[in-house]
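Q: Next input, structure requested:
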Amino acid sequence: FILSSAPNCDARRRHLSATHTHEQVEWSICGLSPGMHGLHIHEFADFSNGCISAGPHYNPFGKAHGAPSDNERHVGDLGNIIAGEDGVSTGVLIDKLIKLEGVYSVVGRSFMVHADPDDLGKGDNSDPHTKPPVNGKCSKVTGNAGMRIACGEIMLEGAL
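A: Purely as a prediction, here's the structure:
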């Protein structure tokens, strides 16, 4: 997939690859502010209004927002990534819920990097019905991860 890039930062292809029982996500993202940023899979790969039109976190089972290690979480809840002082974040995670095939496949959906850290559903949830649930106090919906700052479509390798 391609993430929309910050100025002076080349967009690069990122990879999802399958293992026997889990999906592996690898990333190298540049142009971020140093520190933690929420990383999620969102419902749509619609960027007609920038990253905002990608819809909510991918949540086909109607769960509350949580950490990647929680039993109660959205499929799209991937936790936080950390950008260094150079604005680059690289890493790998293995996830038991995301799938590249079948009814609940994440292919054709979007990856999203947020401006702030994800509180993993453990923060302020005093305004869970904020519409849209972006930048409201809705930990169990968004993780209070803030603005959407980079996004891209999830595609199978070779689909470009």
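Q: Nearest to the spatial middle of the protein, which residue is it?
A: H40 (1.6 Å; C-alpha atoms, centre = their mean).
Q: from the chain's centre, how far out does the helix or strand where that one lies sit?
A: Per DSSP states H and E: H40 is located in strand 35-42. Here strand 35-42 is found 5 Å from its chain centre; the criterion is C-alpha atoms, centre = their mean, to the nearest Å.
Q: what's downstream of that strand, the next helix or strand?
A: That would be, after strand 35-42 and using DSSP H and E, strand 48-51.
Q: could you list every residue that touches D119?
A: Going by C-beta atoms under 8 Å, 6 or more residues apart in numbering, D119 touches 139, 143-145. All C-beta atoms are positioned from the backbone trio N, CA, C, and that covers glycine.
Q: start to end distance for stretch 100-110?
A: One end of stretch 100-110 sits 13 Å from the other (C-alpha to C-alpha, to the nearest Å).
Q: should've said stretch 79-97
A: Start to finish, the residues bounding stretch 79-97 are 13 Å apart (C-alpha to C-alpha).
Q: Counting neighbours, which bits of that stretch end up buried?
A: Under the neighbour-count criterion of 16 or more other C-beta atoms under 10 Å, stretch 79-97 has 79-81, 83, 87, 89, 93, 95, 97 buried.
Q: Show the model's pLDDT score for the residue nearest to the centre of the chain.
A: H40 is assigned 94 on the pLDDT scale.
Q: got it, and the one 10 residues further on?
A: Per-residue confidence (pLDDT) for G50: 89.
Q: Tell me the bridge partners for it.
A: For G50, the beta-bridge partners are S48 (DSSP bridges).
Q: before we move on, the earlier item: what residues does the strand holding H40 touch?
A: Here strand 35-42 makes contact (C-beta under 8 Å, 6+ apart) with 27, 54-58, 74-83, 89, 98, 106, 109-118, 143, 145-146, 149, 151, 154.
Q: change it to 6 Å
A: 54-55, 57-58, 76, 78, 80-82, 106, 109-110, 112-114, 117-118, 143, 145 (C-beta atoms under 6 Å, 6 or more residues apart in numbering).
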